[in-house]
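here is a sequence with its predicted model. Questions after.
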Amino acid sequence: MILGTVVAGFDGVRGWVHKLAVLPEFQRQGFATRLMAAAEVQLKVMGCPKLNLQVRASNASVVAFYERSGYLIEDRISMSKLLEP
């Protein structure tokens, strides 16, 4: 059974965590922390100097999780563009 997953990448300049998810019934048991730690180790091995991620400001519990994990809120502007077919 898969309890959770993390999707991360490194573009040669910085790393990104694109997705971190744990099944609801297994949350708050340390799985997300272990998944993030494993992603960080692998990115370091690849030479990644900095890891970024984006979280909705309204998702307070997730923001708190990442702050407990040592991540800092940075002053940035997030931009997007919808690409229509």
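That came through, no problem. This is a predicted model, so every value here is computed, not measured.

next up, phi/psi of residue 9, please.
Main-chain torsions, residue 9, degrees, to the nearest 10: phi -150, psi 170.

helices along this structure, start to end?
In the chain, the helices defined using DSSP state H lie at 31-45, 60-68.

what's around residue 65, how many residues?
18 (other CB atoms under 10 Å). Placement of C-beta: from N, CA and C, glycine included.

equivalent analysis for residue 15, please.
With other CB under 10 Å as criterion, residue 15 counts 22.

residues contacting it?
Residues near residue 15 by CB atoms under 8 Å, 6 or more residues apart in numbering: 8-9, 43, 46, 48, 50-52.

show me what it is bridged to.
residue 10, residue 51 (DSSP bridges).

before we move on, the earlier item: which among the helices of the chain is found nearest to residue 16?
Closest to residue 16 of the helices of the chain is helix 31-45 (CB to CB; 9.3 Å).

picking that back up, in the contacts of residue 15, find the pair that's most separated.
Using CB to CB, the pair of those lying farthest apart is 46 and 52, separated by 14.7 Å.

coming back round to it: PyMOL command to pick out the buried ones of the contacts of residue 15?
Filtering these down to the buried ones (16 or more other CB atoms under 10 Å) takes a single PyMOL command:
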select buried, resi 8+43+48+51
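
now do the contacts for the spatially most central residue of the chain.
Computing the C-alpha centroid of the chain and ranking residues by CA atoms, centre = their mean puts residue 17 first, at 3.7 Å. When the contact criterion is CB under 8 Å, 6+ apart, the partners of residue 17 are 6-8, 36, 39, 51-53.

give me the number of residues near the spatially closest residue to residue 46 that is not a sequence neighbour?
Using CB to CB, 6 or more residues apart in numbering and skipping the chain neighbours, the partner closest in space to residue 46 is residue 10 (5.1 Å). Applying other CB under 10 Å, we find 18 residues neighbouring residue 10.

and residue 35, by the same measure?
Residues near residue 35, counting by other CB under 10 Å: 19.
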